[in-house]
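K.L.:
okay, sequence plus prediction incoming.
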Amino acid sequence: MNKDLLWRIIDESYDQGEGKIEKQVSTIAAKIGVFKREEIFQSAVIFYRELIKGYKEPLVFAGRLLNGFCAWSELDLFLAWIMSKGRANWAKVLENPDVGLSSIISIEEPRGSFISDDFLNICWKAYYKKIGIEPGIDEDIDVELAEAMMEDSFDIDVDRIFQKLSPDFKQVFPLLVNKLSWEDSPHLKTYKRYWEYGGDGELVEGELWQLFVDAPYSYAGSPAGTGYIPPYQTVKSFFINGGGPGGMGPGCAWTPFELKEEEYEQMVSFLLAQNTSLLKEKHFYIPKERFLIDRELNAKYPKYDEWWPEFRNKYG
């Protein structure tokens, strides 16, 4: 197995798939499955090393534009979808994302549909099928395959790209934006809630206040069960960092953005008026009692490093 052979299999499946990625995946699985175990293992390694060529800033931004959210696993799913279109299209997208992507997307496809889990996993699933076990059964095999696939990605600081604010899409992707049939809603945010340990997260869309209450550690809780809203500068910095999966605890990730003070005040007014107990079913991390704000403390200590110790001293 080598790169040219793998791409030839992908190209043939693209031609035979009639635009249906499920049929394409089935064709690839059948063709790869006849190879020896070692060659299928190598196909998984080659596939991933090709995919990480897309770990570039413009493609992260393109993923945000087309899917609403693009970080960690979403980037891989997006790049796999592009690779499913064949070698020539993949090369075109890598060279010029605006030209390449505008030539392969369909305006009938809704936002968020430009991903493919099945195509991303086709080679390594074929490997496990060949050796006759399910993923996760043999830890040594899992680690061996993962390390071989990801070896070339360790030196790529893709997290740095995820933390960047999105550019003006109309300037960066003029052809792509002109082709799209949907428009962004300025009031909605697409984000991912990592509320279950070890889970893949749940992609949701909501208003600013929903992102705020769904993101653990966005506000300060008190022993009384209330939640204090931090100063504007603190919340602004919080949203700029983009969040993350949370590691050993819960987390929330979103496309970094710069919060305007007017938006902050509107969110504060809304949250202060809510009976949070009625929202608890859908927003687990919202305070049990209600939201409060200490305007005097916030004005005196606008930055988190100063505000948090003073808040603890005052409220415990």
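P.N.:
In hand now; what should we look at? Not measured: the values here are computed from a predicted model.

K.L.:
which strand or helix spans the nearest residue in space to residue 286 that is not next to it in sequence?
P.N.:
In space, and not counting its chain neighbours, residue 286 is closest to residue 213: 4.4 Å by C-beta to C-beta, 6 or more residues apart in numbering. Bear in mind the C-beta positions are built from the backbone N, C-alpha and C, glycine included. Counting by DSSP states H and E, the element that carries residue 213 is helix 208-214.

K.L.:
burial of residue 120, as a residue count?
P.N.:
23 (other C-beta atoms under 10 Å).

K.L.:
residues near the residue nearest to residue 286, how many?
P.N.:
26.

K.L.:
now for the helix holding residue 213, which elements pack on it?
P.N.:
If contacts are counted by 3 or more C-beta pairs under 8 Å, 6 or more residues apart in numbering; DSSP states H and E, helix 208-214 sits against strand 188-194, strand 202-207, strand 251-254, helix 261-272.

K.L.:
now render those as TSV, adding distance to residue 80, mean neighbour count and mean pLDDT.
P.N.:
Listed next are those as TSV, based on distance: least, C-beta to C-beta, whole Å; neighbours: other C-beta atoms under 10 Å; pLDDT from 0 to 100:
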stretch	distance to residue 80	mean neighbour count	mean pLDDT
strand 188-194	18	21	91
strand 202-207	16	15	92
strand 251-254	19	22	92
helix 261-272	35	15	97
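
K.L.:
skip ahead from the helix holding residue 213 and say which helix or strand is next.
P.N.:
Assigned by DSSP H and E, the successor of helix 208-214 is strand 220-221.

K.L.:
for that following strand, packing partners?
P.N.:
strand 227-228, helix 304-315.

K.L.:
what's the closest of those to residue 171?
P.N.:
helix 304-315 (32.5 Å; C-beta to C-beta).

K.L.:
pLDDT of the closest one, averaged?
P.N.:
For helix 304-315, mean pLDDT rounds to 94.

K.L.:
helices and strands around the lowest-mean-pLDDT helix or strand in the chain, which ones?
P.N.:
Lowest on mean pLDDT, DSSP states H and E among the helices and strands of the chain sits helix 139-150, with a mean of 78. On a contact count with 3+ C-beta pairs under 8 Å, 6+ apart, helix 139-150 meets helix 37-51, helix 122-131.

K.L.:
got a markdown table for these, with distance to residue 300 and mean neighbour count too?
P.N.:
Shown next, in a markdown table, are the helices and strands packed on helix 139-150 (distance: least, C-beta to C-beta, whole Å; neighbours: other C-beta atoms under 10 Å):
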| stretch | distance to residue 300 | mean neighbour count |
| --- | --- | --- |
| helix 37-51 | 50 | 19 |
| helix 122-131 | 55 | 20 |
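
K.L.:
and those helices: which comes nearest residue 187?
P.N.:
Using C-beta to C-beta, the nearest of the helices and strands packed on helix 139-150 to residue 187 is helix 37-51, at 34.1 Å.

K.L.:
list the helices and strands that closest one packs on?
P.N.:
Checking 3+ C-beta pairs under 8 Å, 6+ apart, helix 37-51 ends up next to helix 3-16, helix 73-83, helix 122-131, helix 139-150.

K.L.:
tell me which of the ones you listed sits most buried.
P.N.:
Stretch with highest mean neighbour count among those: helix 73-83 (a mean of 23; mean count of other C-beta atoms under 10 Å).

K.L.:
keeping just the C-alphas, turn it into PDB.
P.N.:
The C-alpha coordinates for helix 73-83 follow below in PDB (Å, rounded to 0.1, in the frame of the first residue of the first chain):
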ATOM      1  CA  SER A  73     -12.700  16.200  15.800                       C
ATOM      2  CA  GLU A  74     -14.900  18.600  13.700                       C
ATOM      3  CA  LEU A  75     -11.800  19.600  11.700                       C
ATOM      4  CA  ASP A  76     -10.900  16.000  10.900                       C
ATOM      5  CA  LEU A  77     -14.500  15.300   9.900                       C
ATOM      6  CA  PHE A  78     -14.500  18.300   7.600                       C
ATOM      7  CA  LEU A  79     -11.100  17.400   6.000                       C
ATOM      8  CA  ALA A  80     -12.300  13.800   5.500                       C
ATOM      9  CA  TRP A  81     -15.300  15.100   3.700                       C
ATOM     10  CA  ILE A  82     -13.100  17.100   1.300                       C
ATOM     11  CA  MET A  83     -10.800  14.100   0.800                       C
END
